[in-house]
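> what follows is a predicted structure for the sequence shown.
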Amino acid sequence: MEKNRLLELDALRGLAAIAVVIYHYFYRYDILYGHEGLSTEWAQLGKLGVQLFFMVSGFVIYWTLNRVDKPLDFLVSRFSRLYPTFWFSALLTFTIISFFGLPGREINLHHAIMNAFMFHEYAGIKHIDGVYWTLTIELTFYFWIFIFFITGVLKYTEYLFSPLIMISVLQSQGLIEFSELINKILMLQYLSYFLAGICFYKLMNRLANKFTYAILMLCMVSTLFVFSKGVFLITSAFYLLFFLAVSGRLKFLSIKPLVILGSISYSLYLLHQNIGYIVINKLYNIGVNPILSIILAILTTLSLAYLTTRFVEKPSLIVIRNAYRKISA
């Protein structure tokens, strides 16, 4: 996959990461701690960058599973990609919060250790950083798609998942109701985005049929009921972007700055929120104005993300995958 990756999707991932950063530094920070005379309502839209992440993930994970030879290949691929960077980012965030403090977002050592499994939300353990909630959803998606892979039904994924999309719509209208745990296990709120990514993969590789198009439309329309009209409109824009990207019509996004941003997006996502809040807090304390404080927070977390990608994510990925190749050779 690495040799044939779509640079446009890397760019979209980078743009999604920046959108989430802007949401947190403007709108979410204002809710939690308060900005001084700064308009932040417009930044609410940035949180939808998460949904774009989920679409990219659905596309990439389905692509990956269609290229691996055996189940362990996939497990090693995902472990090497996710866990070393997550462990470093979680440790760094926990250390910085413990040293500088962040009102309402501190966490004890026991809970911090439990974060290492990345499934800690299922045990009711508080996140070191609030953004980790999406990792629970990602890993749950990996679990189900991996089950489909090892049972030989991967090519029927859209048919297996689409009934859950309809169930999510029924639940959103109050016609049925499931517990919070069942909602998490079945990813009822966000599954449509992962499934849309899978459908776009099939479109790109000419594996789609009329049912694939129908399911893709179901996924898009479901967001109108599960979320809101506004989310539906933005999701429709995401679908258009995705279609243009996978059909080769967004080549202009393949510029180096956006591709680099995409390459550090995982580290940026993991590191930006609480560390950025601390940077803004400290700058406020010495009288720095809001916009400059936010700019400096962005530059700080971009730098941390770049260094983490270069010195943690990429080296650990290479070491783990090379070791696995030697063992399995």
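Noted; the coordinates are in hand.

> ok, F211 - contacts?
Shown in contact with F211 (Cβ atoms under 8 Å, 6 or more residues apart in numbering): 158-159. For every residue, glycine as well, the C-beta is placed using N, CA and C.

> next up, phi/psi of L102, please.
Note on L102: its backbone torsions stand at phi -150, psi 100 [degrees, to the nearest 10].

> roughly how far does it sit from A208?
From L102 across to A208, the span is 47 Å (Cβ to Cβ, to the nearest Å).

> ok, and the residue nearest to the spatial centre of the chain, which helix or strand is that part of?
In the chain, the residue lying closest to the centroid (Cα atoms, centre = their mean) is F53, at 4.4 Å. Using DSSP states H and E, F53 sits within helix 49-65.

> what residue ranges in the stretch 101-250 of the chain score low on pLDDT?
By pLDDT under 70, the stretch 101-250 of the chain has no low-scoring segment.

> pull the residues that contact the helix holding F53.
Helix 49-65 is contacted by residues 1, 9, 12-13, 15-20, 23, 74, 77, 134, 137-138, 141-142, 145-146, 149, 154, 157, 190, 193-198, 200-201, 231, 235, 238, 242, 246, 269 when judged by Cβ under 8 Å, 6+ apart.

> drop anything exposed from the residues you listed.
9, 12-13, 15-20, 23, 74, 77, 134, 137-138, 141-142, 145-146, 149, 154, 157, 190, 193-198, 200-201, 231, 235, 238, 242, 246, 269 (16 or more other Cβ atoms under 10 Å).

> which of the residues you listed fall within helices?
9, 12-13, 15-20, 74, 77, 134, 137-138, 141-142, 145-146, 149, 157, 193-198, 200-201, 231, 235, 238, 242, 246, 269 (DSSP state H).

> which residues touch the spatially closest residue to A208 that is not a sequence neighbour?
Nearest residue to A208, sequence neighbours excluded (Cβ to Cβ, 6 or more residues apart in numbering): K202, at 4.3 Å. Residues in contact with K202, defined by Cβ under 8 Å, 6+ apart, are 158, 208, 212.

> roughly how far apart are the first one and K184?
Think E158. Relative to K184, and taking Cβ to Cβ, E158 is found at 21 Å.

> check F117 too.
Here F117 is placed at a distance of 15 Å from K184 (Cβ to Cβ).

> next one: T136
7 Å.

> more neighbours: L102 and A208, which one.
Neighbours were counted for L102 and for A208 using other Cβ atoms under 10 Å; L102 has more, 20 against 17.

> how much space separates the closest residue to N66 other than its chain neighbours from T64?
For N66, ignoring the flanking residues on the chain, the nearest one in space by Cβ to Cβ, 6+ apart is L154 at 7.5 Å. From L154 over to T64 the distance is 11 Å, taken as Cβ to Cβ.

> what of Y201?
10 Å.

> state the pLDDT value of the residue nearest to the centre of the chain.
For F53, the model assigns a pLDDT of 97.

> same check, this time on L253
For L253, the model assigns a pLDDT of 89.

> was I right about it contacting R13?
No: between L253 and R13 there is no contact under Cβ atoms under 8 Å: 10.7 Å.

> what pLDDT does T301 get?
At T301, pLDDT is 98.

> so it: helix, strand or coil?
Secondary structure for T301, judged by DSSP: H, G, I helix; E, B strand; the rest coil, is helix.

> what sits against it?
Counting by Cβ under 8 Å, 6+ apart, T301 makes contact with 21, 268, 271-272, 275-276, 279.

> try 7 Å this time
Taking Cβ atoms under 7 Å, 6 or more residues apart in numbering, we find T301 in contact with 268, 271-272, 275-276.

> show me these that map onto helices.
268, 271-272, 275-276.

> any chance of the residues you listed in CSV, plus pLDDT, neighbour count and distance to K326?
Converted to CSV, these look like this (pLDDT from 0 to 100; neighbours: other Cβ atoms under 10 Å; distance: Cβ to Cβ, whole Å):
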residue, pLDDT, neighbour count, distance to K326
L268, 98, 26, 32
L271, 98, 28, 31
H272, 98, 28, 36
I275, 98, 22, 36
G276, 98, 22, 40
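
> intersection of neighbour lists for T136 and K184?
Common contacts of T136 and K184 (Cβ under 7 Å, 6+ apart): Y122.

> and for P163, the neighbour number?
Neighbour count for P163, taken as other Cβ under 10 Å: 9.

> list the buried residues for the helix or strand where it lies?
Using DSSP H and E, P163 falls within helix 157-172. By 16+ other Cβ under 10 Å, the buried positions in helix 157-172 come out as 157-158, 161-162, 164-165, 167-169, 171-172.

> now the residues you listed as JSON lines including distance to R81?
Shown next, in JSON lines, are those (distance: Cβ to Cβ, whole Å):
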{"residue": "T157", "distance to R81": "20"}
{"residue": "E158", "distance to R81": "24"}
{"residue": "F161", "distance to R81": "23"}
{"residue": "S162", "distance to R81": "28"}
{"residue": "L164", "distance to R81": "26"}
{"residue": "I165", "distance to R81": "27"}
{"residue": "I167", "distance to R81": "30"}
{"residue": "S168", "distance to R81": "28"}
{"residue": "V169", "distance to R81": "32"}
{"residue": "Q171", "distance to R81": "32"}
{"residue": "S172", "distance to R81": "32"}
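
> much appreciated, bye for now.
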